[in-house]
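Undergrad: Generate a structure from the sequence data that follows.
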Amino acid sequence: MKLSIIIPAYKQAKTIVEDLTSIQAVLNQIRYEYEMIVVNDGSPDKTFEKMQEFHENHASPKNRVKLLTYDKNQGKGYAVKYGMFKSVGDYIAFIDSGMDLNPNGLSLLLEHMEWYKADIVVGSKRHPASKVEYPLIRRIYSTGYQYFCKILFGLSVKDTQTGLKIFKKEVLQDVMPRLLIKAWAFDIEMLSVAHYLGYKRIFEAPIELRHTKFNTSVNRKVVFNMLWDTSAVFYRMHILHYYDDSNRSKWAVGCL
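TA: Below you'll find the model as predicted:
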């Protein structure tokens, strides 16, 4: 059994070496073979140079770390998808860079995959065992968004947006070619399309989220874009039936 872990990075020159060192330390303790696929999402700073520094001076073993980059920023969803298309694992996961998420959560997600024979396991801020500092206004917006997603897609997951998730390879092979969103609602598109296709065994696992970059304000433009993109997923799913097998010829638009 092999795990592929995708780490998207954008303007993370200050933290990426520490990020990757911590993640690999966790991976070196698990019982699976693994590969780390680090994707520089067109960062204008020295993120890629720092990724190379990690690979040369800190990665151990080096052959389990792949570095990918491209020039133009495309969004986190695109970066994750780009890395996933290059992966070879039986389980395929992604974790955000930036030092907010404790990478030890990967071990818990893997255990949940086995315990529940899951199709997908998501790290959840709202799991009762999670350790999270989170501003009240963001809790309110997050709760509202999850109810919105439950109404639109029937998802019972309480947190779709935390940047730590793991999938069976066969689920992604079915879901990935259908996806279109590059940024704002990439997570909800992945989960809702998987659920729509019959992958119902979606479970939540606890995480530890360190309060390093949150602020109490909410960017209204981001909120609007999230709601717009999420509504577009619903429209494609239930009005256009874009995600259905009968539209396979159109999916190339969403492929890399």
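Undergrad: Would you mind listing the residues in contact with residue 10?
TA: Residues counted as contacts of residue 10 (C-beta atoms under 8 Å, 6 or more residues apart in numbering) are 40-43, 47, 73, 76, 79. To be clear about C-beta, it is placed using only N, CA and C from the backbone, and glycine gets the same treatment.
Undergrad: what about 7 Å?
TA: 41, 43, 73 (C-beta atoms under 7 Å, 6 or more residues apart in numbering).
Undergrad: shouldn't the first one be in contact with residue 11?
TA: Read it as residue 41. No. Applying C-beta atoms under 7 Å as the test, residue 41 and residue 11 come out as separate, 8.8 Å apart.
Undergrad: So between those two, which is more surrounded?
TA: residue 41 (28 against 18; other C-beta atoms under 10 Å).
Undergrad: how about that one, what does it touch?
TA: 8-10, 73-74, 76, 79.
Undergrad: how far away is it from residue 78?
TA: 7 Å (C-beta to C-beta, to the nearest Å).
Undergrad: hey, what's in contact with both of the two?
TA: When C-beta under 7 Å, 6+ apart defines a contact, no residue borders residue 41 and residue 78 alike.
Undergrad: which of the contacts of residue 10 lies closest to residue 88?
TA: Top of the list for closeness to residue 88, among the contacts of residue 10 and by C-beta to C-beta, is residue 41 at 21.2 Å.
Undergrad: Show me what that closest one is bridged to.
TA: Residue 41 has the following beta-bridge partners by DSSP bridges: residue 70.
Undergrad: what's the helix or strand for residue 161?
TA: Using DSSP states H and E, residue 161 sits in no helix or strand.
Undergrad: dump the residue contacts of it.
TA: Listed by C-beta under 7 Å, 6+ apart, the contact set of residue 161 reads residue 187.
Undergrad: Could you list the low-pLDDT ranges of this protein?
TA: Applying pLDDT under 70 to the chain flags the ranges 134, 211-219, 252-256.
Undergrad: Kindly recompute the last result at 90.
TA: 1, 98-100, 126, 132-148, 156, 161, 181-185, 209-226, 249-256 (pLDDT under 90).
Undergrad: where do the strands sit along it?
TA: According to DSSP state E, the chain carries its strands in the segments 2-9, 33-41, 65-70, 91-95, 120-124, 131-132, 164-168, 202-206, 208-209.
Undergrad: Let me have the ones you listed in JSON lines, extended by distance to residue 111.
TA: Converted to JSON lines, the strands of the chain look like this (distance: least, C-beta to C-beta, whole Å):
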{"stretch": "strand 2-9", "distance to residue 111": "12"}
{"stretch": "strand 33-41", "distance to residue 111": "15"}
{"stretch": "strand 65-70", "distance to residue 111": "24"}
{"stretch": "strand 91-95", "distance to residue 111": "12"}
{"stretch": "strand 120-124", "distance to residue 111": "9"}
{"stretch": "strand 131-132", "distance to residue 111": "17"}
{"stretch": "strand 164-168", "distance to residue 111": "11"}
{"stretch": "strand 202-206", "distance to residue 111": "8"}
{"stretch": "strand 208-209", "distance to residue 111": "15"}
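Undergrad: Residue 102: which of those is closest?
TA: Closest among the strands of the chain, using C-beta to C-beta: strand 208-209, at 3.8 Å.
Undergrad: so residue 51 touches residue 37, yeah?
TA: No. Assessed by C-beta under 7 Å, residue 51 is found out of contact with residue 37, at 11.1 Å.
Undergrad: Cool, thanks, signing off.
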